[in-house]
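*Asks:* any chance you could fold what I've pasted below:
(2 chains)
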Amino acid sequence: GAGVSQSPSNKVTEKGKDVELRCDPISGHTALYWYRQRLGQGLEFLIYFQGNSAPDKSGLPSDRFSAERTGESVSTLTIQRTQQEDSAVYLCASSLYQDLYEYFGPGTRLTVL
Amino acid sequence: DQQVKQNSPSLSVQEGRISILNCDYTNSMFDYFLWYKKYPAEGPTFLISISSIKDKNEDGRFTVFLNKSAKHLSLHIVPSQPGDSAVYFCAASGTGGFKTIFGAGTRLFVKA
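*Replies:* Alright, predicted model coming up:
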């Protein structure tokens, strides 16, 4: 079956522009997570959606970052007024409710010039 | 405040020998631990896990050991193969709404 997909795979943008990153989770997975990995660093939790519950936004680094999820499907992560320190690989993962195994997408590499 | 720590950023091992990757955690509420493996330009993939009620879990060449009193776990790969070269993330989770916390990763190089 299809895994988690993310688009675009690569995004180069200029400082100050807005970007939208998309994640398509595995069908039926109610939990969806966004992480980022900056160069040489580990996975940094950003936001977590679980069904219709209010999302856990505790990992979002600033108010320039926001994410939406349509029901239990697609999610978009939006970064407004991008900064060079936003350059990273943004990873999306999904899982079944209360399933501790997360299935990761291939990531979107964001480069802010 | 790093709740999950992987203090070795990299490890180099000869093919056929044992690779030991270490992980320490601080939160005693964690009750489930996982290892993920990540190749370049790919997302992490689940490798092996262990529940806090166990102290060892084995799957083929991969064994995870948990020492709850020391809040320490380790992943043993034996024998190591060049295809094992990747970044290994330790992760911890728990019941009660705990989200999974990942360590910074250890890059393993297995030399032929």
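*Asks:* element containing the residue sitting nearest the centre point of chain A, please.
*Replies:* Per Cα atoms, centre = their mean, the C-alpha nearest to the average position across chain A is that of A:W34, at 3.3 Å. Using DSSP states H and E, the secondary-structure element containing A:W34 is strand A:31-37.
*Asks:* go on, A:L39?
*Replies:* With DSSP H and E as criterion, A:L39 is part of no helix or strand.
*Asks:* number of nearby residues for it?
*Replies:* Look at A:L39: counted by other Cβ atoms under 10 Å in any protein chain shown, it has 7 neighbours. Glycine gets a C-beta too; all of them are placed from N, C-alpha and C.
*Asks:* and the one 4 residues further on, by the same measure?
*Replies:* By the measure other Cβ under 10 Å, the count of residues near A:L43 is 26.
*Asks:* name the nearest residue to the residue nearest to the centre of chain A, sequence neighbours excluded.
*Replies:* Nearest in space to A:W34, with sequence neighbours left out and distances taken as Cβ to Cβ, 6 or more residues apart in numbering or on different chains, is A:L46 at 4.2 Å.
*Asks:* ok, A:L110 next?
*Replies:* With sequence-adjacent residues excluded and distances taken as Cβ to Cβ, 6+ apart, A:L110 is closest to A:K11, at 5.0 Å.
*Asks:* quick one, what contacts the one you found?
*Replies:* Taking Cβ atoms under 8 Å, 6 or more residues apart in numbering or on different chains, we find A:K11 in contact with A:V19, A:L21, A:T108, A:R109, A:L110, A:T111.
*Asks:* what helix or strand does the fourth one sit in?
*Replies:* By that I understand A:R109. When elements are assigned from DSSP H and E, A:R109 belongs to strand A:108-112.
*Asks:* avg pLDDT for that strand?
*Replies:* In this model, strand A:108-112 has a mean pLDDT of 95.
*Asks:* and it, what does it pack onto?
*Replies:* Contacts defined by 3 or more Cβ pairs under 8 Å, 6 or more residues apart in numbering or on different chains; DSSP states H and E place strand A:108-112 against strand A:10-13, strand A:19-24, strand A:88-95.
*Asks:* buried set for the shortest one?
*Replies:* The one in question is strand A:10-13. Neighbour-count burial for strand A:10-13 flags A:K11, A:T13 (criterion: 16 or more other Cβ atoms under 10 Å in any protein chain shown).
*Asks:* hmm, A:G59 and A:L43 touching each other?
*Replies:* No. Using Cβ atoms under 8 Å, A:L43 makes no contact with A:G59, being 10.4 Å away.
*Asks:* identify the farthest-apart pair in the contacts of A:K11.
*Replies:* A:L21 and A:T111 (12.7 Å; Cβ to Cβ).
*Asks:* neighbour-wise, which of those two wins?
*Replies:* Comparing A:L21 with A:T111 by neighbour count (other Cβ under 10 Å), the higher total belongs to A:L21, at 22 against 13.
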